[in-house]
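A.B. asks: Structure for the following, please:
(chains A and B)
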Amino acid sequence: MDVTKTGAGGQGAVQLIQKYGIILALLLCCAVLTVISDNFLTMRNILNVLRQTSINGILAIGMTFVILTRGIDLSVGSVVALAGVVAASFATTSASFIPGAPWPAAAAILIGVLVGMACGGVSGVFVSRFGVPAFVATLGMLSAARGLTLLYSGGRPIPALTPEFRWIGTGSAFGIPIPIFLLLGVFVVAHLVLTQTRFGRHVYAVGGNPHAAKVSGLPVMRIRLMVYVISGALAALAGMILAARTGSALPQAGTAYELDAIAAVVIGGTSLAGGVGRVSGTLIGALLIGVVNNGLDLLGVESYYQQVIKGALIVAAVMLDRSRNKQE
Amino acid sequence: MQPVLDVENLRKSFSGVPALRNGRFRLEHGSVHALCGGNGAGKSTFLTIVMGIQARDGGTISRNGKPVSFTSPADALANGIAMVEQELSPVPAMSVAENIWLGREPVGFLGRIDFATMNKRSQDLLDGFGFGIRAETLMMDLTVAQTQLVEIAKALSFDAEVIILDEPTSALGEAEAEQLFRAIRALRENGRAVIYVSHRLSEIFSICDSYTVFRDGEFVQDGAISDIDKEELIRLIVGRSLNEEFVKENTPGTEKVLEVEALSADRGVSGIGFTAHKGEILGIYGLMGSGRTEILDRLFGLSTTHGGQIRIGGTEARILSPKDAIALGIAYVTEDRKGSGLVLSGSVRDNLCLTTLERVSNLGVMSAAREREAAARMIGELSIKTASDALGVSSLSGGNQQKVVLGKWFLTAPRILLLDEPTRGVDVGAKREIYRVMSDFARAGGTVLMVSSETDELLGMADRVIVLKDGRMTGELGRSELSAEKLLHLAV
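C.D. replies: You can find the predicted model right below:
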């Protein structure tokens, strides 16, 4: 009996680590950094981490919708750039080929979001209507959107954005940068959509078993299309925040951003096999990546090492996830 | 002669809960021995211990009189025990011979695989047992039954003396099953011993020599099949006497509910015409690939129209998607519970509410209270055995999973229920409960279309049966003229 009890206790600890592992890892990182760096636990640095996380966080939340349906969106990095340059072209005071520019910031942002939705929509149609694997459809979009960005901008940055437009990247309210509010807003809405709405149930059902979802009368094609549109829209938002922050839209912006976004989703416990996961996990995954990057910066670790460490983190997180699934 | 496999008092507990308390099994040379029991009887635990997948807590396993203990399936295989799993996993793009010798390919000069030897050895093996398969064929070109035969051949290539078949006919039609049975008989004639696990009693009576029954993790009884009848075997498996295997209390009415005329469907199914009435259970019989499922798929809008007419309640129905079908009051319990019935990553409640999300939400926002209420209603009505509606549906037994699928559809308040192999992989006790649900539905005025490969089930439940062959209707039999021979005669 004693043996079983010890076994059960040990198992309990393992399960605890597996269930809250990511949160624990995040807290542990924060604790360690607080101890070894005086600069970590300062208001300025914390806000800095959150602001830096906002772009990847927003991308990763969109990515979560896609991955929950067994898909993947490799195009988000390119959509970041395309939406950024298109929106910027409407919000720049420098000589522009858009008549009447600069337009009001709201109009420019709306146009940017529509561009992102269009990109997501095209990928989504190929995936849902024509059955092209998500990997291939969005890989195509990755290339195409980057090409369109270069064509549209002539390969040159679009500088001199209006202060109103730049507000979404550089502004702040109550001492907190606007991008952090945007991330929080996106998170809350996404969380509510996934947990409290019919559409959320549809997303989980389609990811969990597309055949059962179809037989149950769910509009599987529309749901598949919608998640790419959502991902595209959020990628556009992230792209505009990036352009606003730097003050000009760069055609090469967002390169390889899809990898960090996927990493955040996966570290956050969402299964690449679909149907299982949460945006709260994704948010924590994005924060963990942000904190690790920041900590390594503070410690003066070379950025090349940072990539290696991030790689190890991703694989470790997925290993944890695999062992949890195996147990179930 | 010593028994080829003799298991005594096998015990196994999981975190203090006994899954097997007194596992006993005596397998003789040249026999086909049925291992019977409901879900949770301890059969799987027993088999996984014998195969060395799990360690035992106590008890002995003797092979030809010598005590043995295996630590892995490879170990069991080396000692002449092989298991053909319920779900097969061949390498589809490789040939039969390559699959049989996978990892043990005979090699020649410089490590080159000696294909000639490999193919010849495989062919000898396949021919020796009359399996009728060519060794060079690609696995993906084989039928499910042939794939199983290759698995058996693979076991034989290890010189296995004991071959365990776990639910081998669950994916087979009747003709294919017959091919498998011939192979099993050939094994017996060659002195091999077979442990045959199946929920289908008719199969057990047609090919097994002896039986062992487990119930609630304990050995109950064993003996020769010739000394027992079906009723007694059911009593042993279920632990109480089921007076009747089937429950049938409906009487078909005359009101026409579903009329089908000159209907075509996928895979060349055409010229289908029948009428189903209020309160009727209409059976559909045919061999695998005869177009049974295709008809249900068409009626449910899962395939596109190929012509023909469907009338529901006298009015012409255009059914282009499951959504259309559901709106017309049709429900469809598909053949593949895990593949297209359940979202296995979801909870019991999620699955029950899947078809009626509109009703348990306001303007797209879910109402947790109404979801729980709907789930509780179905769990009660269908007596689904689950600790909580928040439990993952994958943790339920096959029978209870099937009830979740039925519950999901009953929440839509259907008029027409399409059932494709409704009791596949369901144990005897739960089978009867599913028959009761079916009968109650029809008695309350519902119309049931039931596809089944089991003639017993059709004889027990159907008011009328239409028979298909190669996508055409070959006959229609009323309840009074139903017999297994007539069904089979029309089907082949």
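
A.B. asks: How about the residues of chain A by chain B?
C.D. replies: Residues of chain A lying close to chain B by CB under 8 Å from any CB of the partner chain are A:4, A:7-8, A:196-202, A:204-205, A:207-209, A:211-219, A:271, A:274-276, A:328. Glycine gets a C-beta too; all of them are placed from N, C-alpha and C.

A.B. asks: need the contact list for residue A:186.
C.D. replies: Residues near residue A:186 by CB atoms under 8 Å, 6 or more residues apart in numbering or on different chains: A:57-58, A:61, A:234, A:237.

A.B. asks: what residue ranges in the stretch 151-300 of chain B score low on pLDDT?
C.D. replies: In the predicted model of the stretch 151-300 of chain B, residues B:173, B:240-244 satisfy pLDDT under 70.

A.B. asks: which residues in it form strands?
C.D. replies: B:162-166, B:193-197, B:210-215, B:218-224, B:256-265, B:269-277, B:281-285 (DSSP state E, counting those that start in this stretch).

A.B. asks: Quick check, residue B:262 in contact with residue B:308.
C.D. replies: Yes. Under the criterion of CB atoms under 8 Å, residue B:262 makes contact with residue B:308 at 4.6 Å.

A.B. asks: got any residues that touch both of the two?
C.D. replies: Common contacts of residue B:262 and residue B:308 (CB under 8 Å, 6+ apart): B:270, B:272.

A.B. asks: Please pull out the lowest mean pLDDT helix or strand from chain A.
C.D. replies: None of the helices or strands of chain A scores lower by mean pLDDT, DSSP states H and E than helix A:2-36, at a mean of 69.

A.B. asks: re the thing from before, right, so of the strands of the stretch 151-300 of chain B, which gets closest to chain A?
C.D. replies: Nearest of the strands of the stretch 151-300 of chain B to chain A, taken as CB to the nearest CB: strand B:256-265 at 16.0 Å.

A.B. asks: Restricted to helices, list the residues of chain A next to chain B.
C.D. replies: Among the residues of chain A next to chain B, the ones falling in helices (DSSP state H) are A:4, A:7-8, A:196, A:198-202, A:204-205, A:207-208, A:211-215.

A.B. asks: Please indicate which of those are buried?
C.D. replies: A:196, A:198-202, A:204-205, A:207-208, A:211-215 (16 or more other CB atoms under 10 Å in any protein chain shown).

A.B. asks: Go through these and name the one nearest residue B:19.
C.D. replies: Taking CB to CB as the measure, residue B:19 lies nearest residue A:208 of these, at 28.1 Å.

A.B. asks: mind listing what the closest residue to that closest one other than its chain neighbours touches?
C.D. replies: Distances taken as CB to CB, 6 or more residues apart in numbering or on different chains put residue A:275 closest to residue A:208, at 3.0 Å, once the chain neighbours are dropped. Residues near residue A:275 by CB under 8 Å, 6+ apart: A:68, A:70, A:204-205, A:207-209, B:343, B:345-346.

A.B. asks: of all the residues you listed, which two lie farthest apart?
C.D. replies: A:70 and B:346 (14.3 Å).

A.B. asks: Same drill for those two, tell me which one is more crowded.
C.D. replies: Counted by other CB atoms under 10 Å in any protein chain shown, residue A:70 and residue B:346 do not tie: residue B:346 has more neighbours, with 24 against 18.

A.B. asks: so what's that one closest to, chain neighbours aside?
C.D. replies: Using CB to CB, 6+ apart, the closest residue to residue B:346 is residue A:208 (5.5 Å).

A.B. asks: If I look at that neighbour, what pLDDT would I see?
C.D. replies: Reading off the confidence values, residue A:208 has pLDDT 93.

A.B. asks: so who does it touch?
C.D. replies: Residue A:208 sits next to A:274-276, B:343-346 when contact means CB under 8 Å, 6+ apart.

A.B. asks: How far off centre is stretch B:324-339?
C.D. replies: Relative to its chain's centre, stretch B:324-339 lies at 18 Å (CA atoms, centre = their mean, to the nearest Å).

A.B. asks: residues of that stretch that come out buried?
C.D. replies: For stretch B:324-339, using 16+ other CB under 10 Å, the buried residues are B:325-326, B:328-338.

A.B. asks: Switch the residues you listed over to CSV; also include secondary structure and distance to chain A.
C.D. replies: Formatted as CSV, the buried residues of stretch B:324-339 follow (DSSP: H, G, I helix; E, B strand; the rest coil; distance: CB to the nearest CB, whole Å):
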residue, secondary structure, distance to chain A
B:325, helix, 8
B:326, helix, 4
B:328, coil, 11
B:329, coil, 12
B:330, strand, 10
B:331, strand, 10
B:332, strand, 6
B:333, strand, 9
B:334, coil, 6
B:335, coil, 11
B:336, coil, 8
B:337, helix, 9
B:338, helix, 8
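
A.B. asks: Where does residue A:49 fall, secondary structure wise?
C.D. replies: Taking DSSP states H and E as the definition, residue A:49 sits inside helix A:43-68.

A.B. asks: helices and strands around that helix, which ones?
C.D. replies: The elements that helix A:43-68 packs onto, with contact taken as 3 or more CB pairs under 8 Å, 6 or more residues apart in numbering or on different chains; DSSP states H and E, are helix A:76-90, strand A:176-177, helix A:178-196, helix A:198-208, helix A:220-246, helix A:257-267, helix A:279-298.

A.B. asks: Okay, buried residues for it please.
C.D. replies: For helix A:43-68, a neighbour-count test (16+ other CB under 10 Å) marks A:45, A:47-68 as buried.

A.B. asks: ok, now stretch A:87-98?
C.D. replies: Applying 16+ other CB under 10 Å to stretch A:87-98 flags A:87-92, A:96 as buried.

A.B. asks: Out of those, which is nearest to chain B?
C.D. replies: Taking the buried residues of stretch A:87-98 together and measuring to chain B by CB to the nearest CB, the closest member is residue A:87, at 29.2 Å.

A.B. asks: which residue packs closest to that closest one, ignoring adjacent ones?
C.D. replies: Excluding the flanking residues, the one nearest residue A:87 by CB to CB, 6+ apart is residue A:112, at 3.1 Å.
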